[in-house]
Structures are given as structure tokens and as C-alpha cells.
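[1] Build the 3D model from these lines:
(chains A and B)
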2 protein chains.
Amino acid sequence: MRIETICTGDELLTGLTSDTNSRSFQSELLDRTGLTVRRSVVVGDDRDDIIEALNAAAERCDVVLVSGGLGPTTDDLTAECAAKAAGVPLVESAEAYAHLVDRFRQRGMTLTDNNRRQAQVPQGSEVVLNAEGTAPMFVQRRGTCVFFYVPGVPREYRHLVGAHVVPRIAAMAKNTDVRKLALLKVINFPESHLDAAIRPLIPQHPSVTFGYRTRPPENHLKVLAVGSTDDEARRALDAAVAAALPLLGERLFARDDETMAGAVLRLLREKKQYLALAESCTGGLMASLLTAESGASASFYGAAVTYLEEAKTRWAQVPEGLLGQFGAVSTECAEAMASGVRTSTGATWGLSTTGWAGPTGGDAQNPVGTVYVGLAGPGVSRVEKHRFHGDRERVKSFAAYTALDLLRRTLEGATS
Amino acid sequence: MRIETICTGDELLTGLTSDTNSRSFQSELLDRTGLTVRRSVVVGDDRDDIIEALNAAAERCDVVLVSGGLGPTTDDLTAECAAKAAGVPLVESAEAYAHLVDRFRQRGMTLTDNNRRQAQVPQGSEVVLNAEGTAPMFVQRRGTCVFFYVPGVPREYRHLVGAHVVPRIAAMAKNTDVRKLALLKVINFPESHLDAAIRPLIPQHPSVTFGYRTRPPENHLKVLAVGSTDDEARRALDAAVAAALPLLGERLFARDDETMAGAVLRLLREKKQYLALAESCTGGLMASLLTAESGASASFYGAAVTYLEEAKTRWAQVPEGLLGQFGAVSTECAEAMASGVRTSTGATWGLSTTGWAGPTGGDAQNPVGTVYVGLAGPGVSRVEKHRFHGDRERVKSFAAYTALDLLRRTLEGATS
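    Residues are numbered from 1 along each chain as shown, chains lettered A, B, ... in the order given. Modelled structure (predicted):
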């Protein structure tokens, strides 16, 4: 089965934005059906280019996923081009229009003529309502080729692709093989080392594919097992995962959908313990990662984002004299922040970061990228010094993950 | 001038790797020549697909940048396909071979027959030696179309594109139009309304293209002006921006590279004022957005991420009785958090959020998605109640931007 994608949008051709949608489709398609995309095209908001791309794909493909250009504005040309390329008129879908009216009413907003354009689809196409947005998805058949048109807004795209597009492709492929996927998420394990460690497993697991995915500072080992039955695929997956786990060791922080913050909160919840943060160079990122998880309040007290020195004293009880003597970027300060926020809040654990995120700051002893991570807890007082490379965002992100991982490893190692 | 890119590589079609090369070319091309790419294609390591893509591009384009597939392994097919598509044989370039021999000798490595393949180029093409690697770049003319072939290794790609490809395109483009781009960033201005507001400007600005980009909760108006000289393009851009500004009003929060957090920090810095946050439902996201900006410490005191009620009392001085009487998700609590964090830290401004990010929580009066935003400052005490839709991440993000925007509008309106 030949599958291609076409993405529309001038902004995808200026270097401003990358087409993350196609990547998420490719990955979900492979995981759930074993199929791969054969070509991925990005075209600008230009009628001739869009129509030419649609017609060329129609000749080659069994399935084409087209995204973007379904918004309400005048540079949204996809529905119009889909109709023109197929030689049919645009018609208003009563179902799509009712959905639009409904969504606008729920939000107390006025439906403009512009918005109403979003209910127009090429005659003869099937409408699939979009639970995440106003523009519907539509499915158009041209000869033996099926076109799926979905909005480019990432949340809407991911929802429609996962709930409708991939399952339909899987049904069309009539592939009876069953696929099972496991994601093993590691930290501090570069992709090339991961590859070297895992490579010896390949000949022993012929029905399994090992792949890698980098989401700095995380690396993910993808284990994809194929079998003729659910049970066969499951057994192949379990055997491969069991063989991989000892090679990953404590660098494995989570599996499948769990995140680093989710793993930390789960461990805290299991022990009925609370965490309080004192964040300096991570500037609220650790708190934001933790509060991205539903139910965080069961184990997360809160965070003092102590950006200025005075804030470190006020909220994390760091003695002024200590700051004067050792400076804010120091072992002593990280330790005092962690124990100060722990003691003053009564939380089980206090976790702290202090460092230079850059691009300015730093000195010979603690250059830009230096981060101290402190942990205080029952019988525990630890400080680690790290040096991260890259821009401000990267240093913040590596520091936040490294601090959460210090707590995770401590919680996993604890026997109580 | 019509420019397209073709990237080859199976790994770019599995979701594992993204094509960052094309993005860096697009952005360098736009910055240095004002030109944009019209189409960007990714194809797998398949002879038929590569040849078909090359031939289709040859018919449409003035310039095609082809990358990837120039390595020494058997799945590196690009040079062979470039020759076949043009109907010429592959020949060994003496210059490229000498460069290969040289690089291997310098590194004390043995040159294999595989490696020697990298010196083969389509007959008649011009070789450009690659200072960063073994595979040369080559330039092939087919009719009026120029093909640049470069290796896909990002370091080699960026070097060759920057040093050779973009300068040659700039030279070819001599006397063509100059383009200038402005981004006007708005909030609380849905794309469809933005389009309706801007549409009347289109006939008055014939050399300007208006486009839209959605980055929820932000919307961006893209203004792209074309002129025969730098000055003409600049004047067209300035006129279009001047006409658009009154239509955007106070919903315009930043321009070009500036972010919402950057705008808030700039306004605070100009007034030499400090901000302290009390974040509940945004859980550190506001602090993280502010600290993503270099130099935040000039105007950002810190944030109390008061996730539990006790934290609201400890760090933001919210009276326990108030929490008992009105609850944490209330006008009274948002007001008390903002004024409490302001007064206790001595910051000029205190900004707070409290609400239900979901998916659990909420009640009839304050369902999931309800967020109270509080602002306390010199002679200012404001609370806004909002209702956001979507998942937890979306509610957090809309709440954080809405709160920062309340402060931004207040700072811009203030005359002091």
C-alpha cells in the first residue's frame, strides 16, 4: 500500500515552523500498522501547487493524508483545491455546519461567514466531525486512492489521525499481523551508546524491531514486536523487553506513556510522601512538569521559584550570610535551598536547582551551564554538580530532568 | 525564481528523525536572499521514487537542492539516480577522489571501494569539494534548472549550503524582488476574526501578502512585502504594518521575535519595576515562560507555586479563613494571592492564577477550565474570571498567557 502525506502552509517553507504533524503520523502509522510513508510533501498556500500535488499523488497512491489549510481564513485553500482537483463543486455539509454552530454557541462566540466556510467540503466526500476543533475532517475517494483531509492544528491533527485515519488505513491494509509496542525511556544514555548496548539483542529477537527516538534529555528505546496472534506478539515483546531491561539499568526512568514527572509523582504517591521545590535556574520548569500531570496535588506541595537572592532567603530559608560567603551558585546554596524548603513546608522531600542557564553569567569555577542540584529528605542530603551544554532552554530542561531524576533514583533505591 | 528541496532517506519517513536540514536552508535562504522555497519533498531510499521526484522538479523549477544519499553505503542512491534521471553515466571525479584519498590519509584510515564510490558524480556536473566531509557537493544543470546535490550530514549540509548553495542562488537571483517580513502577534483574537479585520487592507497593499499562523493561545499576522529594492520592500512593509496596527489594538502583544514573556519583562525593565508571581493552576508555567528569557532577573523576583492551600497561606499570605470561606478557586483568593505575594516580597506587581486545570475538580459555579487571574500593583487591584476549554495543558497555557497579558496591558496603559 502506497501512502504519502501532503502538508500545506507557507509558514512551513520559511524555516519558522517545522512540520511535526507528519512526523507524528509516520510514527503512529508504523507503530500501529507496520506501514511506512513513501513520500512527504510540503507545499505553500498556492492553488496551483496544491492542486498539482494532489493530482500527482492521486496517480501514485492508495492513501494520501493532506493536512493544513482548512481554517476559516482566505489563505486556507485546501478544501477548495480538493474540490477543484477532483472536478467537483464545494458543498456545505449540514452535519459540519451544525457542529460549528454548536461549538460557537458553547463558547458564547459569534459565528462569522468566514467560520461558515469551514463547513464546506468537496461534493461526494465523507465528513468526520472533529471533537477537538471547528473544521471537520473529510474523506475523498478518487479512483482507487483515498484522501484524508485533516486540519493542521497539532492537537486536532493528532486526535483525528489517531482516532480515524490510522484505524481506517489499518482496516484497508487487511494486515492480520498483530503489533505490540513498548517504549523504554532512559536518561543519561546517548543514542549511540544505547544502540551499541542493544545491538547484540537483534539476532536473538527476529520478530522484534528495535528503534530509537531522541527527545532531549530523554532517549527512548522503541521495541516493536510482530506476531500472527495477539499472544505471539505479546510474548515476543515481553522477551525482548526482559532482555533489554538489564542493559538499561537505573537509567530507565519510565515506560510507555509515563513521563519523568509522572514517575516521580507515582513513587511519591505510593509512599504517601510530599515534595516541595526550590527552583532557581530551572525557573519554574520542574513545577510546570509536575503540574502537567493530573493528580499532582496528591504529592506536590508547591515550589518556591527563588530567582532573586532575597527570594532564596524568604521562601527557602537560605541564610543571607551563606549567600554572601559561597554565592548562589554553589553546593552550599543548593543544599540550603533543598533543606530550607523541606523544613519550612514540612514536605518529605526538598529538591533544589541553582546554576547559570546562560547566555550571560558564570565564572571560571562555575561557567555557564553549571547547575547544582540539591535533595533533602529523611536521612538524605545530596548535592550534585553538573555541567550542561547548549542554549538557555536546553540547560533549563536538562537541569530540571536531572533534578527530578535524582529524586526518582533515590525513591526507587529506598526500601521503606 | 522557483526553488524546491528534495531530501532522501528512509529514516526521515518513520517519525524517528526530522528533516532539520531543509528548515535551516529555508531560513538561511529567506534571511540572505528574501527568497522562499516553494515545495519541500522527502522521499525514501528508493530509485524509482528519487528519479521521479528529480524529474518532476526539473520541469517546474529554477533551482533544486537535493540532500542525503551521498554516503558510501549501498542504500546511498542519490548520485546514481541523478545520473539516470539526466540520462548520463556516473564518472569518477579526479578532484573528488584526490580529496577522499587525502582525508583518509590524514586520519590514518584505509580507503575502501565503498568509500571510492563517493567520488562518482553524474557526467558533466561541477564538483565542489566538501571541507567538512568525504562526499563532494555537485552541481548539475538540466535545461534551465540547476540542481545542487549535498550530503545530508547536518554539519556538512549546513557548511555547503551556507558557503556555496545560498551564495550561488543569491547570484542567480540578481535583480529579482526583495522580500521583507513582519510578524504581529496577537492574543484573544481568533484567526477568523483577524482575517475579517485585515481583509479590507488587501486591495490597498498590492505588493504585500497577509498570512496567519496559529500558536495557541497566540495568533500571528504575517506581513510579507515584496519590492524591487530593499527600500521599496521596506516602505511597502512599513505602510502595511502601519495600516494593520490600529485594527489589532491592544491585542497586539509583541512583534517579530519578541515573546509575551519578553514583552512583559521589557515593559517592567523600562519602568524599573519588579514582578512576583503566585501561581496555583498554572503550576510554574508563568515563571518558566519568564525565565526562558535571558536577563529575566532584572525584573523578575520569583514565583510562589502554591499548589496546596497551605502553600497559599505560607508563601502568598492568603488568610486561612478566606480559603475556608470562599475556597481556593475564587475572586477573593486570586486577589489575596496577588496582593499577598506583592506585599510580602516588596515587588511592584503581584500576579496570580487559581483555577481548575482539569480533568478532575470543578463544581457547578466554577467548572473545569475556570481560572481566576489576579493582579495587584501601585493603585491597581484587578481580578478576571475566565473559562478555558481543552485539556489540562491547554488550560494551563491559556491561563498563563492571559495572566501575563493582563499585566502587559496594564503596564502599557499606565502613564507613569
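[2] quick one: is the lengthiest helix in chain A near chain B?
    In terms of residue count, the longest helix belonging to chain A (DSSP state H) is helix A:392-413. Yes - on the criterion Cβ under 8 Å from any Cβ of the partner chain, helix A:392-413 is in touch with chain B at A:Arg392, A:Glu393, A:Lys396. Quick note: C-beta positions are derived from backbone N, CA and C, even for glycine.
[3] By neighbours, which of those residues wins?
    By neighbour count, taken as other Cβ atoms under 10 Å in any protein chain shown, the most surrounded of the residues of helix A:392-413 next to chain B turns out to be A:Lys396 (27 neighbours).
[4] wait, doesn't that residue sit right on B:Leu290?
    No - if you go by Cβ atoms under 8 Å, A:Lys396 and B:Leu290 don't touch, sitting 11.8 Å apart.
[5] anything in contact with each of those two?
    In terms of Cβ atoms under 8 Å, 6 or more residues apart in numbering or on different chains, A:Lys396 and B:Leu290 are both contacted by the residues A:Gly283.
[6] Residue numbers of the stretch 301-416 of chain A in contact with chain B?
    Residues of the stretch 301-416 of chain A lying close to chain B (Cβ under 8 Å from any Cβ) are A:301-308, A:310-311, A:314-315, A:344-345, A:357-360, A:392-393, A:396.
[7] Actually, the stretch 101-250 of chain A.
    Near chain B, when you scan the stretch 101-250 of chain A using Cβ under 8 Å from any Cβ, you find A:Gln106, A:Arg107, A:Met109, A:Thr112, A:Asn114, A:Asn115, A:Glu132, A:Val153, A:Arg155, A:Gly211, A:Tyr212, A:Arg213.
[8] Mind doing that once more with 10 Å?
    Where proximity means Cβ under 10 Å from any Cβ of the partner chain, the interface of the stretch 101-250 of chain A facing chain B comprises A:103, A:106-118, A:132-134, A:152-155, A:211-214, A:220, A:222.
[9] Out of the residues you listed, which sit inside helices?
    Cross-referencing these with the helices (criterion: DSSP H) gives A:Arg103, A:Gln106, A:Asp113, A:Asn114, A:Asn115, A:Arg116, A:Pro154, A:Arg155 as the overlap.
[10] can I get the residues you listed in JSON lines with distance to B:Phe148 and pLDDT?
    As requested, those are exported to JSON lines (distance: Cβ to Cβ, whole Å; pLDDT from 0 to 100):
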{"residue": "A:Arg103", "distance to B:Phe148": "47", "pLDDT": "90"}
{"residue": "A:Gln106", "distance to B:Phe148": "52", "pLDDT": "87"}
{"residue": "A:Asp113", "distance to B:Phe148": "46", "pLDDT": "83"}
{"residue": "A:Asn114", "distance to B:Phe148": "41", "pLDDT": "84"}
{"residue": "A:Asn115", "distance to B:Phe148": "44", "pLDDT": "87"}
{"residue": "A:Arg116", "distance to B:Phe148": "45", "pLDDT": "91"}
{"residue": "A:Pro154", "distance to B:Phe148": "32", "pLDDT": "89"}
{"residue": "A:Arg155", "distance to B:Phe148": "37", "pLDDT": "89"}
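[11] which of these count as buried?
    Using 16 or more other Cβ atoms under 10 Å in any protein chain shown as the burial test, those include A:Arg103, A:Asn114, A:Asn115, A:Arg116, A:Pro154 as buried.
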